[in-house]
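S.K.: Curious how this folds, go ahead:
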Amino acid sequence: MIAPSFNNITSLIAKIDHNINKSNMLSGRYYYGDSTQSFPLALSGDGILPGFNTDTPTRVQLVSISLVSILSSNKVNEARLGWNRFAEGFFPEDRSFHPSSIGLNVGTGYADEGLPVIAVAGYSTIGASKSDPRQRYDSNWQWFDNFSWTTGKHSVKFGYEFRRTSITQFLGTNYRGRLNFNTLSDFLAGNVDGGTQSQGYSDRHTYQNNHGLYAQDSYRVIPTLTLNFGMRWDYFGVFHEKNNLLSNITAFDTADGTVTLTQVGQPGLGNLYNPDYTNFAPRVSFSFDPRGKGKTVIRGGFGVFFDAFSQDVFLAHLPYNSSFDPGPAYNPFGPTPIFSVSALGGTIVHGEPVFAAPGETPAGDIFSITRNSRTPYLMNFNLNVQQQLSARALVQVGYVGSLGRRLLHFRDINQPDQATITATDIAFAKATTYTDPATGNTVPCYPAGGPDCIPTYNSASRVYPNNPYGAFYINQEEAASYSNYNSLQVSLRISDWHGITSILNYNWSHSLDNASDSEDFVPNAAQPNNSTRPDLEYGNSNFDVRNRFTWIFSYQLPTTKGSMARLRNGWGFDSTVTLQDGQPFNLNYNFEDDFSGSGEGFDRPNILARPSYKTDPAIFLNLSSFAIPCSLTSYALANGITGTAQDCVPGTRHFGNLGRDSLRGLSYKNWDFALYKNTNLRENLSMQLRAEFFNIVNHPNFSSPLLPAFIADAAPNGFAQAGSREVSAGYYTINATGDVGIGNRFLGGGGPRGIQLAAKFTF
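M.R.: Numbering: from 1, shown residues only. Next up, the predicted model:
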């Protein structure tokens, strides 16, 4: 049985334009959109059974008011006021069912709206996704005033912009709780074998106030040369929470192995981070017609663009290393921390609590931000030449580049460095022995190693092991990454030449960075493999596509006269071809074990040989080229033990040498085709009949290897010994297309051939 999904949408658009007088025009726009969706979320294996979908009510509202005032023949002022609100919630489909109604006491409030996640070993989980419920309201105010003044050869613009962004959020991840049952018999008898539940106040009300000033001059030096130059200054307000439920690290003590968290507004932490008043952004560009005939134009430009910190950086992080660490708004500290409690276990008793009450130690790890983080910015530059070949043909060749600086990433500042990992492993091995089952002899772990000779997750080697918050991971946001992008862009356009219209585009580009996002939706997009060496992450961007070719071709057959002209005329076709290289990715161990000794859990492997790819997605990548990053013990080799950190000789664990985004996914090829017939039915009425073929050749296009799990597991089939190495077994397969994943929908092509018939009437 398949869980049904639906999306009901209602929308309204209203607008008004009013000429107050000949010098003032008032315009207003309003948009209202309301939808209710229901779908199996299944981000963590929950919510895939019928009846346990995720319901997502969404409401969008937009308001825009504009007043254009003509002050004189060469002076115009434009004032705009805008407001938008986006409200969206994620709720269990069965939220109207209250477990307390059948005597299952899981708590009150959201905890009692829908079944908890019920996991029976060997069976699909019952209950909606553990991330339900959650709800968020995003509101934005903008006020903008722009003054334009034309004098002589100059067209000057200057103005001011104010923006206020606010978010109201409730985060109820695991509030309904999870109950584990080892067997079906335990489930039927109500014998709980484990589980957890999150509890506490998770409402947050945050906001930022931003201000911008700008001035620009377009100077027509001579009829064939125009210069544009200007300056913009932005102040991006510090992120605030209405009730001061933010905290940050204010003291580090490596000697004592501890850190100190302070709540915003308390002594030592007036703001979450220090404001940045230095965001001055110059811009300059030119347009030059060297022959003065309007057939050749050379354009170029350079500009600096600053970007405010996204509020999600503080509210909605999803780091791979930590189970609960959304950001500085949810640190395990302050007046309203979140607690994680365990299921009480044993047999469920009617009306008796199944989860423990909150304890004294809050849940989760620490997320901080460097106090002197400055605003990220991008430097864009381009140069292009446009040449008219004929009255119907135009070619353009250009270079486009950018440099990103002070981009965001986060790293675990509690992670030990390589020297500490090695020293800890060796010290542990020197103090540990094991019993050889073949001889019964007691064998020292050092230097050869053996069972239980490697410490688990290196707790003792953390930089701040004694922090009073119980945090294993201390993730810190930093504006310290960088990027560069270079591209060659070529375009050829033919307009209405004997019925032919054609646009041919080719783009070669290369984007490099050491952090492609401020969020780790996929591993190592924002957090480095080795948090002590983020510089080693420099490589292909997650979104790097080297070659992209598109060809849009339209042909309308010539008209003829004579008998049956209405039937013979009006025929034509449209064609769109898209070809592009695959996107880069890297392999990560999906918490199979702590192979690096860093405790992060999603290490990258060692690469032993050049990767071997196949176009067949079932055998896309031969995994025998990738090995656990350590030297194997003779005990593991002799006994055929695979897949654990205990296979490693003490002191040899290290970070894998597979480069970030050094692998490449399958290419994308698609051809859409449409055949149409235009017919004039009468003087003021025409009809178009269309037959549209999407992916007409039915070419299979597969998604990035990272989807649908958002991680490319380095050992999806386990491990195998290959000589003295322990390599990943089998092949890496790609089993999702770009438009549909397992329980998730992704934007983009990739589906099978689709045929659509349409009729359009114009009157």
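S.K.: And what about residue 758, helix, strand or coil?
M.R.: Under DSSP: H, G, I helix; E, B strand; the rest coil, residue 758 falls in the strand class.
S.K.: tell me the contacts of it?
M.R.: 689-690, 692 (C-beta atoms under 8 Å, 6 or more residues apart in numbering). For every residue, glycine as well, the C-beta is placed using N, CA and C.
S.K.: where does the chain dip in pLDDT?
M.R.: Residues of the chain that meet the criterion pLDDT under 70 lie in 1-4, 42-47, 458-460, 738-750.
S.K.: gap between the longest helix seen in the chain and the chain center?
M.R.: Identified as the longest helix of the chain according to DSSP state H is helix 418-430. Relative to the centre of its chain, helix 418-430 is centred 36 Å away, using C-alpha atoms, centre = their mean, to the nearest Å.
S.K.: show me where the stretch 601-750 of the chain has strands.
M.R.: For the stretch 601-750 of the chain, applying DSSP state E, counting those that start in this stretch gives strands covering 606-607, 621-622, 626-627, 663-664, 668-682, 685-694, 719-722, 725-728, 731-732.
S.K.: Contacts made by the fifth one with the rest, please.
M.R.: It refers to strand 668-682. Here strand 668-682 makes contact (C-beta under 8 Å, 6+ apart) with 566, 570-582, 686-697, 699, 701, 738, 749-750.
S.K.: Just the ones of those in helices?
M.R.: Of these, the ones assigned to helices by DSSP H are residue 566.
S.K.: tally of neighbours for residue 498?
M.R.: Residues within reach of residue 498, counting by other C-beta atoms under 10 Å, total 9.
S.K.: er, residue 59 actually
M.R.: Neighbours of residue 59 (other C-beta under 10 Å): 16.
S.K.: pretty sure it is in a strand, no?
M.R.: Yes - counting by three-state DSSP, residue 59 is part of a strand.
S.K.: can you give me the helices in this protein?
M.R.: Using DSSP H, helices in the chain cover 184-189, 312-315, 418-430, 565-568, 634-639.
S.K.: before we move on, back to that, which residues outside the longest helix of the chain are in contact with it?
M.R.: 416, 444-447, 449, 453-455, 458, 460-461, 530, 532, 596-598, 648, 650-651, 653-655.
S.K.: Distance check, the most centrally placed residue in the chain against residue 710.
M.R.: Centroid check for the chain by C-alpha atoms, centre = their mean gives residue 521 as the closest residue, at 4.8 Å. In this view, residue 521 and residue 710 are 6 Å apart by C-beta to C-beta, to the nearest Å.
S.K.: before we move on, what about residue 202?
M.R.: When residue 202 is compared with residue 710 (using C-beta to C-beta), they lie 23 Å apart.
S.K.: Comparing the two, which shows the higher neighbour count?
M.R.: residue 202 (21 against 17).
S.K.: burial count for the residue lying closest to residue 579 once chain neighbours are set aside?
M.R.: Once flanking residues are discounted, residue 579 sits nearest to residue 549: 4.5 Å by C-beta to C-beta, 6 or more residues apart in numbering. The number of residues packed near residue 549 is 16, by other C-beta under 10 Å.
S.K.: On the strand side of things, show who residue 549 bridges to.
M.R.: Per DSSP bridges, the residues bridged to residue 549 are residue 506, residue 579.
S.K.: The chain should start at 623 in everything you say after this.
M.R.: Sure, I'll start counting at 623 from here, so that last one is residue 1171.
S.K.: what sits against it?
M.R.: 1127-1129, 1199-1202.
S.K.: Between those, which sits nearest residue 1026?
M.R.: For the contacts of residue 1171, the closest approach to residue 1026 (C-beta to C-beta) belongs to residue 1129, at 19.0 Å.
S.K.: Excluding chain neighbours, what is closest to that closest one?
M.R.: residue 1170 (4.7 Å).
S.K.: Check residue 830 too.
M.R.: For residue 830, ignoring the flanking residues on the chain, the nearest one in space by C-beta to C-beta, 6+ apart is residue 859 at 4.5 Å.
S.K.: Relative to residue 631, how far out is that neighbour?
M.R.: With distances taken as C-beta to C-beta, residue 859 is found 34 Å from residue 631.
S.K.: so how many other residues sit close to residue 1304?
M.R.: With other C-beta under 10 Å as criterion, residue 1304 counts 7.
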